[in-house]
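# okay, sequence plus prediction incoming.
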Number of protein chains: 4
Amino acid sequence: MNYTSIFETIHHEIQPFAHLGQQATYIPALARVNPNQFGICLHTLEGETVALGDADVRFSIQSISKVFSLAMALHFEGENLWTRMGREPSGTTFNSLVQLEYEHGIPRNPLINAGALVTADVLLAHMDNPEEYFLEFLRTLAGTQEVCYNPEVAESEQSCGYMNAAIANLLKHYGNIRGDIDRVLHLYFMMCAVEMNCRELAQAFLPFANHQQPFGYAGITLTTSQIKRMNAIMQTCGFYDEAGEFSYLVGLPGKSGVGGGIAAICPSRYAIAVWSPRLNAKGNSILGMKALELFTTLTAESIF
Amino acid sequence: MNYTSIFETIHHEIQPFAHLGQQATYIPALARVNPNQFGICLHTLEGETVALGDADVRFSIQSISKVFSLAMALHFEGENLWTRMGREPSGTTFNSLVQLEYEHGIPRNPLINAGALVTADVLLAHMDNPEEYFLEFLRTLAGTQEVCYNPEVAESEQSCGYMNAAIANLLKHYGNIRGDIDRVLHLYFMMCAVEMNCRELAQAFLPFANHQQPFGYAGITLTTSQIKRMNAIMQTCGFYDEAGEFSYLVGLPGKSGVGGGIAAICPSRYAIAVWSPRLNAKGNSILGMKALELFTTLTAESIF
Amino acid sequence: MNYTSIFETIHHEIQPFAHLGQQATYIPALARVNPNQFGICLHTLEGETVALGDADVRFSIQSISKVFSLAMALHFEGENLWTRMGREPSGTTFNSLVQLEYEHGIPRNPLINAGALVTADVLLAHMDNPEEYFLEFLRTLAGTQEVCYNPEVAESEQSCGYMNAAIANLLKHYGNIRGDIDRVLHLYFMMCAVEMNCRELAQAFLPFANHQQPFGYAGITLTTSQIKRMNAIMQTCGFYDEAGEFSYLVGLPGKSGVGGGIAAICPSRYAIAVWSPRLNAKGNSILGMKALELFTTLTAESIF
Amino acid sequence: MNYTSIFETIHHEIQPFAHLGQQATYIPALARVNPNQFGICLHTLEGETVALGDADVRFSIQSISKVFSLAMALHFEGENLWTRMGREPSGTTFNSLVQLEYEHGIPRNPLINAGALVTADVLLAHMDNPEEYFLEFLRTLAGTQEVCYNPEVAESEQSCGYMNAAIANLLKHYGNIRGDIDRVLHLYFMMCAVEMNCRELAQAFLPFANHQQPFGYAGITLTTSQIKRMNAIMQTCGFYDEAGEFSYLVGLPGKSGVGGGIAAICPSRYAIAVWSPRLNAKGNSILGMKALELFTTLTAESIF
């Protein structure tokens, strides 16, 4: 079975689940999105591209941005980064302050909000204009100048982002944010507000599947070992409190966002991105999870 | 044995403990205080006043202010206040975000920081200038116009108060702060920065011992039942994670602050204030605790 | 208003609440009890006794027994007891293993299950037949040989007491139970299964109100200071997760049990026992709480 | 570089770490083991076998047994198993009761003690003599009748296993153990007490690397999908609180035990077992972790 027909099978089989769940509504820009969209795109290392549905509609990548900011922070800090955060799965819901207080301001991993806020603080220490550089990095990865962020989304998030402000203040209390809290929050919300479509997102993840190639985009370089280790972190920490579930059902390193997007890779094989706004109770796209589960089942191509 | 000789006995017996512990040093104004001071003052309902040591030196009342702001909030809100906070002991350290997240933004009681921040939000909703009114209330209670707050302390606390800012943002996240966070924090830190001496503090607590008298100071009125209930809250919640210990060793309703002050009352008998800056690991004055333990042992006047 | 008419007023005013809540049903013997019973009895230090309702019907005292076992343990161990448990309110539900694991096997206080299991272990180390001695102590306190325990209740509790067995094993893991776990559980469940009526229970609590008198019953002696400190512990820890509430509404040291009983004292004044099987969500008797709240409001005799 | 020389390089490079850490000492049989042993064995799907050091010395497999009991439970229950436990990483230390109480008796995953106790309860419901069947399953997997369990170890563990008894009682309290607690504990401790050497352990893990082959050993059958999902669980949950770390540094699905053993697989490639008794603070073999990290670095054969 080729990828195109696999995509068609998936599209058919997910229909019974198409009206389950709800999109994120905590800010107007996300609440306005038509929830009945579904897009998927695959890029293989051999150069094949297969897309289906709303694969060219841009959406808010939200927490998927944490993978890109982590790549930048690893470039700048190397293994030193791990003095400021762990790389263990969180075992609790994604905003939890409990763990952070219990472990004295050291976030469990870079893919939860607390870890991404520390990552943002790291980027601020290394760049004059990290917002601009972040966009340039993503544009280079995605191979298009059209990747932008949505200022309305960034502002809405900041204006109601009391939980993230609480986390940032707690991190500052423990000395694990060194810069200005408002500056850190601004960068963080800007990165979450980047908009990409499935085609661009899969393209931007392809280098993580291709660890034999030197990673170098917009001046951000990573070794083979660093790429593999980023994949390991995505595998164990990329899906909030559902990392084990995703690993069990799908079996690929990846990252999800509350905008309904999921990006994942199969080492030495392909990158895949899927998007559908309706979320389950854990904040992950229902159709996205389902589609990827079917994809690795039908192709028998997972890391396990 | 009369109170004067009891105070002398206490002063003698606490000497072996006089150099234990350290004063609060998280802001310069507190770190500068001479830690080797000790003052104590008793006012009885019969009108007797006994003081010893540094009873006329003003100090930062800090969390003792939470009793006064609670009195004001009870005046304005009555039993409605308890829809926004509980009245159970916290069972955890005084700044803990864990409980707050676990119980969805409802602070356990009004005498922990989270509860006092909600109380400040309540006061802001009822007054145009709560800072001024708070001072007037304290001046009326203490019977002197000299009670002021220290703006340097308030500003220092605000500039490094990341934990309180984290708590305030978390409360806002859960909808339990209705006003502006910065405004709430400003009032909160101002109230903590009030300076009083033992003589004034004991005077200001005397009405809580005198529940047969109508409570009415600067327009703030409380019923007998409300006074008794405030005493109950002080008894179970007034000493952070050491409320049981204070109850066990001293047996009086009271409240401590990290400035080293403790104020307590014996219903129908007296109010007592003690101050000494060196703190134990729980943030309570070592000599203050010891002195009150000796006082209720020597007088056999506790609530039990 | 005299006590008799106060009791009548109380009885009248609690009627609207008479059918709220449910009795404990986790064992058949408790589930069989007629839930619509209500008894109350007061003994004053002056020798007055007032009773109303089902004050002569015996019921399972359950956790009220923890007060008596604590008295015995304090007699044998004195202040050493506090190396094995704290005296702080628990701040969590009464069976919680969380706190115990977090604090490495040191129960927060002697009036939660974990603390009472350690207390039972202490008694086992000091006596050959603690079950018999415990009954003798209670009979001497209550002034009647008729106090017994219900073996069916004790056996039922033991056969389904997995949570208590879990706690006992955890305590053993941390080295805070020294004897045999089964022996400790047997004594613990036997003590919970003692049956008394309100008249006997109030009589048995009267010595705790009378701290000027030497406490000596069946060879168990306590100093004035020890009695006062037991009262302090009842005040802060006697009502599970509702200690603050009871303190706020009633204002007396006391202890409740899931059998629906509550015993409380007012120092230098009286002891009071009330019983009604229907419980609130926290495991305390609804009518019992209400009756005591009304009693201290009508008499204005609380410790605050 | 061939595997033999890779093993030699590893052996050389781990020497600086050879005296770090301590072996488990909580039971005499483990405390008696010579801690300075190190063995490693690789079996590839192509049929190559490479071993070095103490690869033929049997040791207590301890928690590695949880993989085998999970395989049996999945055979008997299929996806139903997940109504009684989750498959998310635990995020806390491996014995924690906290999570179990918080999530009402549903263990986070089958590879922590709580999950393995429920698994043992499942096996008891399906077999008359699960102890015997478990051994037969392992002997068939390892290809030798010499695999046995050490009764002294099993008995020692049971006699001091208060934490596991606490967990079992808590599970029973929540209804998630259906059989007799003592029977469950007996089976659990017996499985932990099995002894294998690296050669046998790698052999027994090889089928998990070989998911294209039908899995059928001693009547226990698993589908390709089930094998892959077991690998996913090992990946996210196999190393207690260090699953992320192992994933990051090594990048293979695997399982460790406090006896100092680690078994891991690379899908479609190989199974590897390593053993050295000295443990780090998280309870994982220091040399074992180090050796596997070097192995996947030198071979560049990890799942990422």
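Nice, I can see it. Bear in mind that the values here come from a model prediction, so they are computed numbers and not experimental data. Numbers count the residues shown, from 1 in each chain, chains lettered A, B, ... in the order given.
# residue in chain A nearest to chain C?
Residue nearest to chain C within chain A: A:Tyr102 (9.5 Å; CB to the nearest CB). For glycine as for every other residue, the C-beta is placed from the backbone atoms N, C-alpha and C.
# need the contact list for that residue.
Listed by CB atoms under 8 Å, 6 or more residues apart in numbering or on different chains, the contact partners of A:Tyr102 are B:Val98.
# the bottom helix or strand of chain A by mean pLDDT?
Here the helix or strand of chain A ranked lowest by mean pLDDT, DSSP states H and E is helix A:97-102, holding a mean of 78.
# same for the next helix or strand after that helix, what does it pack against?
Once the chain leaves helix A:97-102, the next helix or strand it forms, by DSSP states H and E, is helix A:113-126. Here helix A:113-126 touches helix A:65-77, helix A:130-142, helix A:162-173, helix A:181-192, going by 3 or more CB pairs under 8 Å, 6 or more residues apart in numbering or on different chains; DSSP states H and E.
# between helix A:113-126 and helix A:181-192, how big is the angle?
For helix A:113-126 against helix A:181-192, the angle by axes from the mean of the first three to the mean of the last three CA atoms, to 10 degrees is 110 degrees.
# list the buried ones in helix A:113-126?
Neighbour-count burial for helix A:113-126, counted by 16 or more other CB atoms under 10 Å in any protein chain shown, picks out A:Asn113, A:Ala114, A:Gly115, A:Ala116, A:Leu117, A:Val118, A:Thr119, A:Ala120, A:Asp121, A:Val122, A:Leu123, A:Leu124.
# now for the spatially most central residue of chain A: which residues touch it?
Nearest to the geometric centre of chain A sits A:Ile64, at 1.5 Å (CA atoms, centre = their mean). By CB under 8 Å, 6+ apart, the contact set of A:Ile64 is A:Leu201, A:Lys255, A:Ser256, A:Gly257, A:Gly261, A:Ile262, A:Ala263.
# any low-confidence regions in the stretch 1-150 of chain A?
Applying pLDDT under 70 to the stretch 1-150 of chain A picks out residues A:91-95.
# repeat that for 90
Within the stretch 1-150 of chain A, the stretches with pLDDT under 90 are A:1, A:89-104.
# now swap in the stretch 201-304 of chain A and tell me
By pLDDT under 90, the low-scoring segments of the stretch 201-304 of chain A are A:211-214, A:240-241, A:300.
# what segments of it are helices?
A:224-237, A:243-249, A:286-299 (DSSP state H, counting those that start in this stretch).
# and these: which comes nearest A:Trp275?
Nearest of these to A:Trp275, taken as CB to CB: helix A:286-299 at 6.6 Å.
# list the buried residues for the closest one?
Within helix A:286-299, the residues that count as buried by 16+ other CB under 10 Å are A:286-298.
# extract the C-alpha trace of it and format it as CSV.
Extracted C-alpha coordinates of helix A:286-299, given in CSV (Å, rounded to 0.1, in the frame of the first residue of the first chain):
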residue,chain,number,x,y,z
ILE,A,286,-8.2,13.7,18.7
LEU,A,287,-8.1,13.1,15.0
GLY,A,288,-4.4,13.9,15.0
MET,A,289,-3.7,11.1,17.5
LYS,A,290,-6.0,8.7,15.7
ALA,A,291,-4.5,9.4,12.3
LEU,A,292,-0.9,8.9,13.5
GLU,A,293,-1.9,5.7,15.3
LEU,A,294,-3.4,4.4,12.1
PHE,A,295,-0.4,5.5,10.0
THR,A,296,2.1,3.6,12.1
THR,A,297,-0.2,0.6,12.3
LEU,A,298,-0.7,0.5,8.5
THR,A,299,2.9,1.2,7.6
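# what's it in contact with?
A:1, A:3, A:6, A:9-10, A:13-14, A:17-18, A:20-21, A:38, A:40, A:246, A:249-252, A:254, A:256, A:260-262, A:264, A:272, A:274-276, A:278-280, A:302, D:225.
# can I get stretch A:137-157 in CSV? Just the C-alpha atoms.
The C-alpha coordinates for stretch A:137-157 follow below in CSV (Å, rounded to 0.1, in the frame of the first residue of the first chain):
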residue,chain,number,x,y,z
PHE,A,137,15.2,29.7,12.1
LEU,A,138,11.7,28.4,11.4
ARG,A,139,11.6,29.9,7.9
THR,A,140,14.9,28.3,7.0
LEU,A,141,13.8,24.9,8.4
ALA,A,142,10.4,25.1,6.6
GLY,A,143,12.0,26.4,3.4
THR,A,144,9.6,29.4,3.1
GLN,A,145,9.7,33.1,4.1
GLU,A,146,5.9,32.9,4.7
VAL,A,147,6.1,31.6,8.3
CYS,A,148,4.9,34.3,10.6
TYR,A,149,3.5,34.7,14.0
ASN,A,150,0.0,36.1,14.8
PRO,A,151,0.4,39.1,17.0
GLU,A,152,-3.3,39.0,18.0
VAL,A,153,-2.8,35.5,19.4
ALA,A,154,0.4,36.5,21.2
GLU,A,155,-1.3,39.4,22.8
SER,A,156,-4.4,37.5,23.8
GLU,A,157,-2.3,34.8,25.4
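# tell me, how many residues neighbour the closest residue to A:Glu88 other than its chain neighbours?
Distances taken as CB to CB, 6 or more residues apart in numbering or on different chains place D:Gly244 nearest to A:Glu88, at 3.7 Å, with adjacent residues excluded. Number of residues near D:Gly244 (other CB atoms under 10 Å in any protein chain shown) recorded here: 25.
# re the thing from before, any chance of the helices of the stretch 201-304 of chain A in CSV, plus distance to C:Asn164?
Formatted as CSV, these follow (distance: least, CB to CB, whole Å):
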stretch, distance to C:Asn164
helix A:224-237, 37
helix A:243-249, 32
helix A:286-299, 41
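# let me see the contact set for the nearest residue to A:Arg183 once chain neighbours are set aside.
Closest residue to A:Arg183 apart from its sequence neighbours, by CB to CB, 6+ apart: A:Leu124 at 6.0 Å. With contacts defined as CB under 8 Å, 6+ apart, A:Leu124 is in contact with A:Pro130, A:Gly179, A:Arg183, A:Val184, A:Leu187.
# which residue packs closest to the first one, ignoring adjacent ones?
In other words, A:Pro130. Leaving aside its sequence neighbours, A:Pro130 sits nearest to A:Leu123 (CB to CB, 6+ apart; 4.4 Å).
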